[in-house]
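Student: output the structure for:
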Amino acid sequence: MESPTEMPRLISFLSSLLQRVAESNDCQRPSPHLQKVSAFHGLTRPGISIQNYLERIFKYANCSPSCFVIAYVYLDRFVQKQPSMPINSFNVHRLLITSVMVAAKFMDDMYYNNAYYAKVGGISTAEMNFLEVDFLFGLGFQLNVTPNTFYSYCAYLQREMLMQPPLDSSESISMGRSPKLQLCYNEEEASHHQQQQQQQQQQQQLAV
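Tutor: Prediction:
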């Protein structure tokens, strides 16, 4: 993910993935009482495409490449913790700029302030501040990403990029399998499994 050639592919793939997810959720149109309207929900669809928006963030945010993987982890956690707030065309842009900003603050030693990210995202500083707080509460402040989780998401993204190349604008979004953002990677189960393996190794060493 760190190589100069991999990042444009990752940005393109994430853009197409989020576009499929957003348009799929747009078509489903859940009942109003089942879908929560949040601070991320805009009154209209932004005029800029998801790909152009993410490329703009990549160009001007100057955060480490790892931040985009972490942002993806955060988005995955967010939609799992907030099932009544699915990603759609009305909230995906605000979720993107917020997740990348939070990831940069958590991961990088140096990062810009909220006012700068607000300019990159095309929103006001006051709105950026509010979205950050709302996003943190939506995540339950679970910002830590273990190395095991990070590499699992990296492996998943790399595998998906090889198996499912990003869609061109001329291709139909309805083609292919039903899009899902969730990796459904259970961090607690993975951690418990790792602990069990360590305990077994210790027991084997004691038995020798």
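Student: ok, and the closest non-adjacent residue to N88?
Tutor: N25 (4.4 Å; Cβ to Cβ, 6 or more residues apart in numbering). Every residue, glycine included, has its C-beta placed from N, CA and C.
Student: and for the one you found, the neighbour number?
Tutor: 21 (other Cβ atoms under 10 Å).
Student: so it is in which element?
Tutor: helix 6-28 (DSSP states H and E).
Student: mind saving the C-alpha coords of the helix or strand just after that helix as PDB?
Tutor: Using DSSP H and E, the helix or strand that follows helix 6-28 in sequence is helix 50-61. Provided in PDB are the C-alpha atoms of helix 50-61 (Å, rounded to 0.1, in the frame of the first residue of the first chain):
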ATOM      1  CA  ILE A  50     -16.800  10.200  -5.000                       C
ATOM      2  CA  GLN A  51     -13.700   9.400  -7.000                       C
ATOM      3  CA  ASN A  52     -12.800  13.100  -7.600                       C
ATOM      4  CA  TYR A  53     -13.600  13.900  -4.000                       C
ATOM      5  CA  LEU A  54     -11.300  11.100  -2.600                       C
ATOM      6  CA  GLU A  55      -8.600  12.100  -5.100                       C
ATOM      7  CA  ARG A  56      -8.900  15.700  -3.800                       C
ATOM      8  CA  ILE A  57      -8.500  14.400  -0.200                       C
ATOM      9  CA  PHE A  58      -5.500  12.300  -1.200                       C
ATOM     10  CA  LYS A  59      -3.900  15.300  -3.000                       C
ATOM     11  CA  TYR A  60      -4.300  17.900  -0.300                       C
ATOM     12  CA  ALA A  61      -4.500  16.100   3.000                       C
END
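Student: buried set for the helix or strand that contains Q80?
Tutor: Secondary structure from DSSP H and E places Q80 in helix 66-81. Across helix 66-81, burial judged by 16 or more other Cβ atoms under 10 Å covers 66-79.
Student: please apply the same query to stretch 49-60.
Tutor: Using 16+ other Cβ under 10 Å as the test for burial, stretch 49-60 gives I50, Q51, Y53, L54, E55, R56, I57, F58.
Student: so what touches it?
Tutor: Residues outside stretch 49-60 that contact it (Cβ atoms under 8 Å, 6 or more residues apart in numbering) are 7, 11-12, 14-16, 18-19, 22, 46, 48, 68, 92-93, 96-97, 100, 120-121.
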